[in-house]
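> Okay, here's the prediction I keep looking at, along with the sequence it came from:
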Amino acid sequence: MIESGKPGCKILHVISALNMGGAEMMLFKLLSGMDRARCSPEVVSLKDVGSVGRKIEKLGIPVQGVAMKISRPNPFSIWRLIKIVRKADPDLIQGWMYHGNLGAQFVNAFLPRPVPVLWNVRHSVYNLDFEKKTTAWMIRLSARLSNKPAKILFNSSVSAAQHQNLGFVKEKQTMIPNGFDTNIFSPSEEARLKVRQELGLPSSSILIGLIGRYHPMKDHGNFIRAAALISRTYPELHFLLAGTNVDTTNTELTNLIESLNLGGKVHLLGEREDVNRLTASLDIASSSSFTEASSNTIGEAMACAVPCVATDVGDSGAVIADTGLVIPPRNSEALASAWKELLNMGFEGRKKLGAKARDRILNHFSIEKIVSQYETLHKSFLNGA
């Protein structure tokens with residue numbers, strides 16, 4: 001726990017946005033677990049408060065949105081950010097994601113007294129050509145300024161190495177992986193039965209799932225094509241997908257599903273508040289991304305004792321270890337083959353593998369362990385280290 005030597009210390013978190021996403025939910029989980037009696041948190045979103053911001057507000061933590069167009073901030077939104085931070089008068093500023101990191105570093109210059117600024121990078125970069133032009137520019141700018149923060153956090157060792165190659169200062173780097181709430185994400189036979197009932201499926205149906213927002217890097221097409229391949233051998237399989245814009249209004253997805261004759265087999269559930277239920281209902285969980293720092297959904301599935309198949313990007317392989325299967329990205333045949341391997345294990349084989357996956361999360365990636373690492377890091381700078 002934080003023992004700063006300064007009663008009533010304050011940590012201000014500056015994040016790019018607070019809509020549903022991995023970094024946003026990690027901030028929520030962190031704030032849910034930290035000892036606020038020792039150091040009080042506040043949150044600033046460069047955009048608006050968003051759905052995750054509203055969840056943070058329910059914790060009793062102040063959240064403010066700047067309503068900034070972060071690709072082209074205007075002087076009025078910049079001034080709003082400066083005023084918010086000056087009024088907060090923090091003892092430490094924690095940035096989140098590229099825009100939040102640079103925003104945190106920028107406003108520190110306008111405080112009456114400079115305070116430590118920490119960056120938190122939540123992204124992997126296999127090739128800058130894969131990035132949007134604005135994102136690539138932000139990464140290059142961040143590299144040039146990477147000597148400014150007191151520390152740069154990464155949730156993936158692969159991401160840390162990639163950013164070092166892009167010019168980020170190695171001596172500033174530290175690694176804290178994603179953490180998972182093993183009380184919320186836990187095995188549930190009730191969820192398994194209820195979700196199948198809600199989908200109109202027999203209780204014995206096998207569900208393979210992908211949880212994640214619709215974004216090119218998540219490569220939903222890879223998952224759908226793998227579903228078509230394995231359905232030739234296992235026509236009884238069903239596939240559950242959930243996340244922002246992963247619904248029937250997404251014509252890219254629905255057209256692909258229809259073209260591969262998967263109608264009735266693929267269930268598009270959109271953004272959900274009960275991701276823990278959906279995850280616990282699965283027989284196999286997947287990540288089909290072609291770029292990722294560290295997959296939250298894979299860790300959540302492991303916490304639910306669901307065996308996983310993930311593409312070998314970011315730290316997915318390191319997190320899964322020997323509790324699931326890791327395959328090359330952008331390879332639907334490999335993904336379908338890995339699913340087949342787990343299916344051939346049978347229910348009891350998958351159950352045993354899933355129990356091993358949950359033990360791995362409990363021993364290495366529980367939210368309690370990760371909160372403790374954040375608190376230890378914050379404490380070192382609040383104590384003037």
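Now that the structure is in, tell me what you want to look at. Numbering: from 1, shown residues only.

> As a quick check, tell me the outermost residue of the protein.
P112 (34.2 Å; Cα atoms, centre = their mean).

> so how far is R86 from it?
8 Å (Cβ to Cβ, to the nearest Å). C-beta coordinates here come from the backbone N, C-alpha and C atoms, glycine included.

> now swap in Y98 and tell me
Using Cβ to Cβ, Y98 is found at 23 Å from R86.

> again with S71
25 Å.

> With the flanking residues excluded, which residue is spatially nearest to M175?
Distances taken as Cβ to Cβ, 6 or more residues apart in numbering put F154 closest to M175, at 5.4 Å, once the chain neighbours are dropped.

> Give me the phi and psi for the one you found.
With angles defined as degrees, to the nearest 10, F154 sits at phi -130, psi 150.

> quick one: it and Q173 touch, right?
Yes - with contacts counted by Cβ atoms under 8 Å, F154 reaches Q173, the gap being 6.3 Å.

> I70 touches K47, doesn't it?
Yes - judged on Cβ under 8 Å, I70 makes contact with K47 at a distance of 6.7 Å.

> Overlap of the contact sets of the two?
The contact sets of I70 and K47 overlap at S16, A17 (Cβ atoms under 8 Å, 6 or more residues apart in numbering).

> pull the longest helix from this structure.
For the chain, the helix with the greatest residue count under DSSP state H is helix 346-364.

> Quick one: residues in contact with that helix.
Identification of contacts with helix 346-364 by Cβ under 8 Å, 6+ apart yields 177, 180, 182, 186-187, 283-284, 299, 301-308, 319-324, 342, 345.

> That helix: what's the following helix or strand?
Once helix 346-364 ends, the next helix or strand along the chain (criterion: DSSP states H and E) is helix 367-382.

> same for that next one, what does it pack against?
Under the contact definition 3 or more Cβ pairs under 8 Å, 6 or more residues apart in numbering; DSSP states H and E, helix 367-382 sits against helix 22-33, strand 92-96, strand 117-121, strand 151-154.

> Next, V309: secondary structure please.
Using DSSP: H, G, I helix; E, B strand; the rest coil, the structure places V309 in strand.

> If I follow the layout properly, it ends up in contact with T323?
No - shown here, V309 and T323 do not form a contact pair, counting by Cβ under 8 Å, at 11.1 Å.

> quick one, which of those two is more surrounded?
V309 (26 against 19; other Cβ atoms under 10 Å).

> Can you show me the strands along the stretch 1-150 of the chain?
Taking DSSP state E, counting those that start in this stretch to define them, one finds strands in the stretch 1-150 of the chain at 9-15, 39-45, 63-65, 92-96, 117-121.

> Out of those, which is closest to Q164?
Of all those, strand 117-121 sits nearest to Q164, with 11.0 Å by Cβ to Cβ.

> quick check: mean pLDDT across the closest one?
Regarding strand 117-121, the rounded mean pLDDT is 97.

> and that strand, what does it pack onto?
When contacts are defined as 3+ Cβ pairs under 8 Å, 6+ apart, strand 117-121 packs onto strand 92-96, helix 97-108, strand 151-154, helix 157-165, helix 367-382.

> Tell me which of those lies nearest to F290.
Within the helices and strands packed on strand 117-121, the stretch nearest F290 is helix 157-165; the backing value is 13.4 Å (Cβ to Cβ).

> list the buried ones in the helix or strand just after the closest one?
For helix 157-165, the following helix or strand on the C-terminal side (DSSP H and E) is strand 173-175. In terms of neighbour count (16 or more other Cβ atoms under 10 Å), strand 173-175 has its buried residues at Q173.

> quick one: contacts of strand 173-175?
Here strand 173-175 makes contact (Cβ under 8 Å, 6+ apart) with K151, I152, L153, F154, N155, S156, S157, A160, H163, Q164, L377.

> so A160 makes contact with K151?
No - using Cβ under 8 Å, A160 makes no contact with K151, being 11.9 Å away.

> all helices in the stretch 201-350 of the chain, in order from the N-terminus.
For the stretch 201-350 of the chain, helices defined by DSSP state H, counting those that start in this stretch occupy the ranges 220-231, 251-259, 275-280, 296-303, 316-320, 332-343, 346-364.

> So for L201, which of the ones you listed sits nearest?
It's helix 275-280; of the helices of the stretch 201-350 of the chain, that one is closest to L201 (Cβ to Cβ) at 13.3 Å.

> Can you give the distance of that closest one from its chain's centre?
15 Å (Cα atoms, centre = their mean, to the nearest Å).

> again, but for stretch 257-266
Here stretch 257-266 is found 28 Å from its chain centre; the criterion is Cα atoms, centre = their mean.

> Same check on stretch 124-139?
18 Å.

> Repeat that for stretch 228-245.
Relative to its parent chain, stretch 228-245 has a centroid offset of 23 Å by Cα atoms, centre = their mean.

> cool, stretch 332-343 as well?
That offset, for stretch 332-343, works out to 24 Å (Cα atoms, centre = their mean).

> do stretch 310-326 as well
When C-alpha coordinates are averaged (Cα atoms, centre = their mean), stretch 310-326 and its chain have centres 15 Å apart.
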